[in-house]
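Visitor: What shape does this take:
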Amino acid sequence: MTPAQIIAILAVAIATSTPLIFAAVGETITERAGVINLSAEGTILLSAMVGFAVAKTTEGMGTVPCLLLGFGAAAITGAAIALIVAFGALTLQQSQVAIGFVLALLCADLSSFLGNPFVRIPGPVVPSFKLPLLQNIPLLGPLLFQSDLLVYCSYLLIIGTAFFFYRTRPGLMLRAIGEQPAAAFVRGTNVVLMRYLYTLLGGALMGIAGAAFSLDFKAGWSHRHTAGYGWIVLAIVIFGGWNPLRAAFGCYLFGILQSLASVAQSALPNVPTQVLTVAPFVLMILFLVLTSSEWLERLLKRLPPAVSRSIGQMIHSTPPAALGRVFQQD
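Guide: Residues are numbered from 1 along each chain as shown. Below you'll find the predicted structure:
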């Protein structure tokens, strides 16, 4: 395999990881605020359908307006689903896990039912946009800067979210309401309101992720169009230790596995296509299991203490202390 082919595979991996990045960062924000939104699978599916349907029906307005309307509708759909999660969890104080799981199943079925008129018909697609000057940088240009605006926005989202989390006072307060909501409340923060806002923001980003699939990386709509990706997003958030940078790494890792599976389809024509299509999901889950298993602990103990400590800090993580817990704000 030539260096050019490797760069091409990695570029495809980065591009196809973009929807996952929007969803994983959105869920990271939500869970950092102390709310679990398990509706990711259904949210991405329904948002993908709504985004494509709106963009298709407004196609006569022009490519850019219809795409903006499609992404806007998808974001509103994701936020609306998140609002149901927040209302049930924060106002009604019901099980966040149960609410999210039921919504995941309901929205998935709704996407198939409501999206039936739009199955397998052509529609608008996000156009490619190569960044001037940057696209000509050796290696990095073809790898990072010859895609489309959605990919470039994902770069900004990763960097901006990390900066917000760890370099700003509002970011510190976000982490506080997920770790010690009582302490944040004593300092004058309206914990419930802030959890509502961050849950809606996370849901909107999940909605954008759905539209990113149907209007760009898996252009079009079909039944169960993004099936499985929502559960992968939830796993990546845990693997990422509720850190946007590590979550992005997990998304890119999954994208690389998908790209390698695509290459393997042409290199191994006798292997059933279904096996190679499912392989990235299986390998990603296997990787997540291995990085949290006992044998890894034993392996780390055999390394020099400084190395073991550094790797352990990167791999091990604990969820926000108040994640999923009801906070009664008197």
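
Visitor: following the host helix or strand of Ala75, which helix or strand shows up next?
Guide: Secondary structure assignment for Ala75, by DSSP states H and E: helix 63-86. Sequence order places helix 96-114 as the next helix or strand after helix 63-86, per DSSP H and E.

Visitor: Just the mean pLDDT for that next one, thanks.
Guide: What helix 96-114 shows for mean pLDDT is 95.

Visitor: neighbouring contacts of that helix?
Guide: Helix 96-114 is contacted by residues 35-43, 45-46, 48-49, 53, 81, 84-85, 88-89, 223-225, 227, 230, 324 when judged by Cβ atoms under 8 Å, 6 or more residues apart in numbering. Using the backbone N, CA and C atoms, a C-beta is placed for each residue, glycine as well.

Visitor: And stretch 122-135, what's buried?
Guide: Judged by neighbour count (16 or more other Cβ atoms under 10 Å), stretch 122-135 contains these buried residues: 123-126.

Visitor: ugh, wrong one, stretch 172-187
Guide: Buried, per 16+ other Cβ under 10 Å, within stretch 172-187: 173-181, 184-185.

Visitor: how close does Ile285 get to Leu150?
Guide: 26 Å (Cβ to Cβ, to the nearest Å).

Visitor: which one of the two has more residues nearby?
Guide: When neighbours are counted by other Cβ atoms under 10 Å, Ile285 and Leu150 differ, and Leu150 comes out ahead with 22 against 14.

Visitor: Quick check: that one is in a helix.
Guide: Yes: assessed with DSSP: H, G, I helix; E, B strand; the rest coil, Leu150 lies in a helix.

Visitor: how about it, what does it touch?
Guide: With contacts taken as Cβ under 8 Å, 6+ apart, Leu150 has the following neighbours: 18, 126, 212, 216.

Visitor: Export the residues you listed to TSV and append columns for secondary structure, distance to Asn136 and pLDDT.
Guide: Converted to TSV, the contacts of Leu150 look like this (DSSP: H, G, I helix; E, B strand; the rest coil; distance: Cβ to Cβ, whole Å; pLDDT from 0 to 100):
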residue	secondary structure	distance to Asn136	pLDDT
Thr18	helix	22	94
Val126	coil	22	93
Ala212	helix	26	96
Asp216	helix	24	92
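
Visitor: farthest pair in these?
Guide: Using Cβ to Cβ, those reach their maximum pairwise distance at Thr18 and Val126, which is 10.1 Å.

Visitor: which neighbours do these two share?
Guide: Common neighbours of Thr18 and Val126, counting by Cβ under 8 Å, 6+ apart, are 150, 216.

Visitor: a markdown table for the buried residues of stretch 172-187, including secondary structure and distance to Leu131?
Guide: What follows is these, written out as a markdown table (DSSP: H, G, I helix; E, B strand; the rest coil; distance: Cβ to Cβ, whole Å):
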| residue | secondary structure | distance to Leu131 |
| --- | --- | --- |
| Met173 | helix | 35 |
| Leu174 | helix | 31 |
| Arg175 | helix | 33 |
| Ala176 | helix | 37 |
| Ile177 | helix | 37 |
| Gly178 | helix | 36 |
| Glu179 | helix | 38 |
| Gln180 | coil | 42 |
| Pro181 | helix | 42 |
| Ala184 | helix | 40 |
| Phe185 | helix | 45 |
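
Visitor: What is the nearest of those residues to Thr161?
Guide: Leu174 (10.3 Å).

Visitor: in a strand, that's where Arg120 is, yeah?
Guide: No: checked against three-state DSSP, Arg120 lies outside a strand; its state is coil.

Visitor: what residue ranges in the stretch 101-250 of the chain score low on pLDDT?
Guide: Along the stretch 101-250 of the chain, no part satisfies pLDDT under 70.

Visitor: nearest to Pro304, of the contacts of Leu150?
Guide: Nearest member of those to Pro304, counting by Cβ to Cβ, is Thr18, at 37.6 Å.

Visitor: what's around the closest one, how many residues?
Guide: Neighbour count of Thr18, defined by other Cβ under 10 Å: 27.

Visitor: what about it, distance to Tyr152?
Guide: Distance from Thr18 to Tyr152, by Cβ to Cβ: 9 Å.

Visitor: Phe163 too?
Guide: 17 Å.

Visitor: Between the two, which is the more surrounded one?
Guide: Taking neighbours as other Cβ under 10 Å, Phe163 and Tyr152 compare with Tyr152 leading, 16 against 12.

Visitor: got the contact list for the closest residue to the more buried one other than its chain neighbours?
Guide: Leaving aside its sequence neighbours, Tyr152 sits nearest to Leu131 (Cβ to Cβ, 6 or more residues apart in numbering; 7.0 Å). By Cβ under 8 Å, 6+ apart, the contact list for Leu131 reads 145-146, 152.

Visitor: Need those in JSON lines (columns: distance to Gly207).
Guide: Putting the contacts of Leu131 into JSON lines (distance: Cβ to Cβ, whole Å) gives the following:
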{"residue": "Phe145", "distance to Gly207": "26"}
{"residue": "Gln146", "distance to Gly207": "27"}
{"residue": "Tyr152", "distance to Gly207": "19"}
